[in-house]
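Colleague: here is the input, now give the coordinates:
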Amino acid sequence: MATGGEPQLAENIFEETGSNEPEGIQVAGGFKELFGKAPIWAAAGVEKAKTLIQEFTKNEIKNMDNVTKKLGTEAEVNFKEDLDILDTPTGETAVGSIKNKKTIIDSPEPNESIFYSGIEARLMDPNTPKTFNSVEDFYKFLQNKQISKKEIEDNILENYLAIATKNKTPLVKEDMLNIVRQAPMRKVESIIYGNANYGGEKNAIYTSYKESGEIPGSYRESVLYVDPKHIPQDPDSLPRSSHDFTERYVIGWSRKTDRNATLPVEKTKQGIAATVDPAMIRTLKRNSTKLKNQLKGLEASAYEKIRRAPTQDLTPIEEMNPRMITETINSRMAFLEEIDTPLANQIRQFRSKIQDDSVRLGEMEAATKGKKVVVTFADEIQSDILQQAKELENELRQQLGSILDLPVERRAGALAQERTRYSGSARNVEPEVLDFYTKNETIFRPMFNTAEEMQSFVDEFQKNKVAIDVVAKGGPAPSDEAIKAMNIAIAKEKKMLEDLNIGLSEGAMKQLFPNVPFKNREEWGDILVKRDLAEAAQRLFMDKVDGAAEWYAVSPADLIKNRYASAGLNKGGTDTPLAERQAAKERGVKLKGIGVEEFYGGPNSVDTKGKHYTSSLEKSLKRAAKENNSEFKIIEVDGVGKVFAIKLTPEMLLPHKTHRKDGGMVYTPEIIDIFEAA
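Modeller: Numbering: from 1, shown residues only. Below is the predicted model:
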């Protein structure tokens, strides 16, 4: 298959365009720190969709109660009271022990938030074994619970599992919980660039890269990032340029607008006629006009009665328009009640009838024309670090493919022989980086599991250096004992570096990419959708903003491909025949449009056989609809056309699991991402 990648940012695809919004906008957004406690229902293995409708089985209720009773702080769980004086049935006393009811240490975060860790929830489940005899047993457990390998990596459990495999030691649940709770993933944050009315804290930057037709002032950029200080040993450096957001290590971001949209007509088996009577629609419209004219007459009469009262000083009616008359009556309805109760009641009845008929007419017209709604539309969903990392990985994989086919132990020798023949990325990176990549097949920096592990390594490493320094400072004739100690220290140092994969120079580390979570396109795309849904649900259900969006939609691939045609993102698609892809690869042509469509898809996307192609983001929307008691539809969006969308629901305010569950432990990520978005 033809490979692709993000257009070089040096080409200024996203030049800064400035902003029409006032400088210095500093209003707190809806969310900042995104990671929170694992919910009780998640730890108990209950589906999120059941939580608001409260449709639990007896066993699920029992499990949630069990988790609640056993959850406690670290101090509560570790509290020990060995002895107690117990009363016996015979009236005597005996020495016994108190059983601690708090056995599960709760998440360290103060509250629930947008995301929670699926692995953490499973390790908090009282039904989960306290230990696993082997890594294989643990993998089988995770497979059964639909936890993916990517979730293990992002929860920094790999080193722990590798050590357990090497030493053939059991895996302890509490130890793994301790590691998971220190993962950099838990420090992921979000910030909005854009109008303060939409939670913007800073001015939007790339305001030109969207379709026309949005609601004015609704454009914003929601940025997901992690601060380098939360990644142990990270040099706080990026090997390539990135967008102009001030936050470091941007995992991904959505450019969004709010737009008007039309829902599809819902047809019954009998057709529209069975649902809507056209004659009734005409009658309702005719009656509505008649009732409104009659109401104007009633309100005019009421205004004159109020104006003639000695205590009122009102403008003559001929100088008033209907809206002003209505407002005056509304402000004096209590007075009208006193002077003419039947008239006040009649006005209320007419208003109620007009409102009821209006609602009914709207529903009937929606059944024939489609209901009008507001939608939050993701004009683009993309990543900085992860797309660039995938581009470099694709290039290295292409150029080093023959070496990667060899056993690990033979790769270093083959690399040394072939290095001078390489060009492009494989020639420009440090030799250490190539060695690291061929050994580990990743271009992400090695990382300690925790800050404590890093400090422990540094302490041990420095202590070991003392033995080497003794010889260096011992003059021309160091003792045999010092030389022996130095040789042992050198061997130990080498082993430490090899075991932890950190034997890289600063220059090599800076040419690798930061070890951020959600590395796979499927993962970072999915988590951005979940974050967008939470933001939109907050605006609709919690902030109760007038005119807030009721639906969320994602751009179809065609718009992205056309927008960046000059960068080659329009070349190819999911319908491109395999023979044509192979021919392009042999010519060295990158059909980047294939990947655009694989990621975004859309109602019009088809595969090589002409059947609908289900994209990554379409899958994300369908999963979100299922997990949140929502609806998935194709709707018509102003300025855009037909798109995939889901309805916002209150469930979207509840925490989302960070990682998708497709495939569990047997899930294999894409070997090559053809597309990495601009």
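Colleague: show me where the stretch 151-300 of the chain has strands.
Modeller: Per DSSP state E, counting those that start in this stretch, the stretch 151-300 of the chain carries strands over the ranges 171-172, 189-194, 220-225, 250-262.
Colleague: the shortest one pairs with which strands, and in what direction?
Modeller: Taking DSSP bridges as the criterion, strand 171-172 forms sheet pairs with strand 131-132 (antiparallel).
Colleague: what average pLDDT does the partner strand get?
Modeller: When pLDDT is averaged along strand 131-132, the result is 94.
Colleague: what comes up buried for whichever helix or strand comes after it?
Modeller: Counting by DSSP states H and E, the next helix or strand C-terminal to strand 131-132 is helix 135-144. Residues of helix 135-144 classed as buried by neighbour count (16 or more other Cβ atoms under 10 Å): 135, 138-139, 141-143. (Each C-beta comes from the backbone N, C-alpha and C, glycine too.)
Colleague: please save the CA atoms from helix 135-144 in PDB.
Modeller: Presented in PDB, the C-alpha positions along helix 135-144 are these (Å, rounded to 0.1, in the frame of the first residue of the first chain):
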ATOM      1  CA  VAL A 135       1.900 -12.300  32.300                       C
ATOM      2  CA  GLU A 136       0.000 -14.700  30.100                       C
ATOM      3  CA  ASP A 137      -2.700 -15.100  32.700                       C
ATOM      4  CA  PHE A 138      -2.900 -11.300  33.000                       C
ATOM      5  CA  TYR A 139      -3.200 -10.900  29.300                       C
ATOM      6  CA  LYS A 140      -6.100 -13.500  29.200                       C
ATOM      7  CA  PHE A 141      -7.800 -11.500  32.000                       C
ATOM      8  CA  LEU A 142      -7.500  -8.200  30.000                       C
ATOM      9  CA  GLN A 143      -8.600  -9.900  26.800                       C
ATOM     10  CA  ASN A 144     -11.800 -11.000  28.600                       C
END
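Colleague: any idea how far residue 288 is from residue 301?
Modeller: When distance is defined by Cβ to Cβ, to the nearest Å, residue 301 is 21 Å away from residue 288.
Colleague: circling back to that earlier point, and of the strands of the stretch 151-300 of the chain, who's closest to residue 524?
Modeller: strand 250-262 (4.6 Å; Cβ to Cβ).
Colleague: okay, the angle between that closest one and strand 189-194?
Modeller: 50 degrees (axes from the mean of the first three to the mean of the last three Cα atoms, to 10 degrees).
Colleague: what's strand 250-262 packed up against?
Modeller: strand 220-225, strand 372-382, helix 385-399, helix 521-537, strand 632-637 (3 or more Cβ pairs under 8 Å, 6 or more residues apart in numbering; DSSP states H and E).
Colleague: find the centremost residue of this structure, please.
Modeller: residue 527 (2.0 Å; Cα atoms, centre = their mean).
Colleague: that one - nearest residue in space that isn't next to it in sequence?
Modeller: residue 518 (5.5 Å; Cβ to Cβ, 6 or more residues apart in numbering).
Colleague: mind checking which helix or strand the one you found is in?
Modeller: Under the assignment here (DSSP H and E), residue 518 is part of no helix and no strand.
Colleague: hang on, the earlier thing: worst mean pLDDT among the helices and strands packed on strand 250-262?
Modeller: Among those, helix 385-399 carries the lowest mean pLDDT (a mean of 81).
Colleague: buried ones in it, by neighbour count?
Modeller: Quick answer for helix 385-399 (16+ other Cβ under 10 Å): 385-397, 399.
Colleague: among those residues, which one lies nearest to residue 652?
Modeller: residue 386 (24.3 Å).
Colleague: coming back round to it: can I get the helices and strands packed on strand 250-262 in TSV including distance to residue 557?
Modeller: Shown next, in TSV, are those (distance: least, Cβ to Cβ, whole Å):
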stretch	distance to residue 557
strand 220-225	20
strand 372-382	11
helix 385-399	16
helix 521-537	13
strand 632-637	15
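Colleague: now render the strands of the stretch 151-300 of the chain as TSV, adding mean neighbour count and distance to residue 67.
Modeller: Output for the strands of the stretch 151-300 of the chain, formatted as TSV (neighbours: other Cβ atoms under 10 Å; distance: least, Cβ to Cβ, whole Å):
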stretch	mean neighbour count	distance to residue 67
strand 171-172	18	20
strand 189-194	24	28
strand 220-225	24	29
strand 250-262	23	30
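Colleague: just send those strands back as a markdown table, with distance to residue 125 too.
Modeller: What follows is the strands of the stretch 151-300 of the chain, written out as a markdown table (distance: least, Cβ to Cβ, whole Å):
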| stretch | distance to residue 125 |
| --- | --- |
| strand 171-172 | 15 |
| strand 189-194 | 28 |
| strand 220-225 | 28 |
| strand 250-262 | 28 |
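Colleague: so which of these gets nearest residue 121?
Modeller: The closest of the strands of the stretch 151-300 of the chain to residue 121 is strand 171-172. By Cβ to Cβ, the value is 17.2 Å.
Colleague: residues in contact with that closest one: which ones?
Modeller: For strand 171-172, contacts defined as Cβ atoms under 8 Å, 6 or more residues apart in numbering pick out 130-132, 134-135, 137-138, 160-161, 164.
Colleague: what does the average pLDDT come to for that strand?
Modeller: pLDDT averaged over strand 171-172 gives 90.
Colleague: ok now stretch 159-170, how far from the chain's centre?
Modeller: Counting by Cα atoms, centre = their mean, to the nearest Å, stretch 159-170 is centred 31 Å from the centre of its parent chain.
Colleague: quick one: buried residues of that stretch?
Modeller: In stretch 159-170, counting by 16+ other Cβ under 10 Å, buried: 159-161, 164, 170.
Colleague: next: stretch 598-607.
Modeller: Those would be 598-602, 605, for stretch 598-607 by 16+ other Cβ under 10 Å.
Colleague: and of the strands of the stretch 151-300 of the chain, who's closest to residue 323?
Modeller: Across those, closest to residue 323 is strand 250-262 (Cβ to Cβ), at 24.9 Å.
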